[in-house]
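A structural model of the following input is requested.
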Amino acid sequence: MPAKDAPPRWDRKMQQRLARGEAAALGELYDRFASLVHSLAHRVLDDEQAADGVTREVFAHVWEHPDTYDPKHGPLRSWVAAVTHRLAVQRLRATATAALPPGHADAGELESTVRRASVAARADYIVHSMPAPLRAALELAYVQRRDYRQTAADLGVTEEEARRRLRLGLQLLSTAHDTGTPPGYGGTA
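All right, here's what the predicted structure looks like:
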C-alpha cells in the first residue's frame with residue numbers, strides 16, 4: 001500500500017514523461033488542465049487575451065521546467081494552479097504598473113487589486129476542486145438561493161447532511177483569503 005502522502009501515480013508518471021520530453025505528455029496535461037489554467041488566469045486578469053497568454057506561458061513553463069514540480073508538496077494539479085497564479089499575478093502587476101502615469105507609484109492600490117484578484121482566483125480554484133456533493137450544495141444555496149431545507153430536498157439528502165455540506169463548503173471557501181499558493185500545494189512554483 002502506498003504511503004499516505006505519496007502523490008498519485010499519474011502525477012509522478014506525467015512528470016517523468018515531461019522530463020523525457022514526450023510531446024504527447026504535454027498534450028495530455030493540456031487536455032486535463034487547460035480549462036483550469038485559463039479560468040484561473042482570467043479570474044486574476046479579467047482579460048481574455050491576457051488569460052490566453054498566461055495559459056501559453058504556464059504550459060511552456062511546465063514543458064521547459066518539469067523538474068520544478070515536487071510531488072512531495074502536493075498534486076500536479078495544485079502545482080499547475082500555483083504556476084498559473086504566479087504568472088497571472090506577475091502579468092497583472094506588470095500591466096498595472098505600465099498603466100500608471102510616469103512618476104505615479106500607487107503601490108498600495110496596485111497591491112489591493114492584486115490581492116482581490118488573488119482571493120477571487122483562490123475561491124474559484126477551491127470551488128472547482130471541492131468534491132461534487134459540496135459544490136452542488138453551495139451552488140443550490142448561493143447561486144439558486146435555496147435554503148438548507150430546499151437544498152436537502154433537491155439533493156435527496158437529510159437536512160442535517162445538507163447543513164453539513166454547506167458548512168464544510170463554506171469552511172473551505174473561507175481559506176480563499178489565506179495568502180500563498182492554492183490549497184494542497186505547499187511549495188512554490
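
Show me how the protein divides into domains.
Residue ranges for the structural domains of the chain, counted by automatic domain parsing, are given in the record as 1-99+107-129, 131-182.

Same list (those domains) but as TSV, adding mean pLDDT.
As requested, the domains of the chain are exported to TSV (pLDDT from 0 to 100):
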stretch	mean pLDDT
domain 1-99+107-129	85
domain 131-182	86
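
Can I get the ones you listed in a markdown table including mean neighbour count?
In this view, the C-beta of every residue, glycine as well, is placed from N, C-alpha and C. Supplementary listing: the domains of the chain in a markdown table, determined by neighbours: other C-beta atoms under 10 Å:
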| stretch | mean neighbour count |
| --- | --- |
| domain 1-99+107-129 | 17 |
| domain 131-182 | 16 |
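
how about the residue most central in space within the chain, phi and psi?
With distances taken as C-alpha atoms, centre = their mean, the chain has Tyr125 as the residue nearest its mean C-alpha position (3.6 Å). In this entry, Tyr125 is assigned phi and psi values of phi -60, psi -40 (degrees, to the nearest 10).

what does Gly156 give?
Residue torsions, per degrees, to the nearest 10, at Gly156 are phi 70, psi 40.

show me where this structure has helices.
For the chain, the helices defined by DSSP state H occupy 9-19, 23-45, 48-64, 76-99, 107-129, 132-138, 148-155, 159-174.

just how off-centre is the fifth one within its chain?
Averaging C-alpha coordinates over helix 107-129 and over its chain gives two centres that are 11 Å apart (C-alpha atoms, centre = their mean, to the nearest Å).

Likewise for the third one?
On the basis of C-alpha atoms, centre = their mean, helix 48-64 sits 14 Å off its chain's mean C-alpha point.
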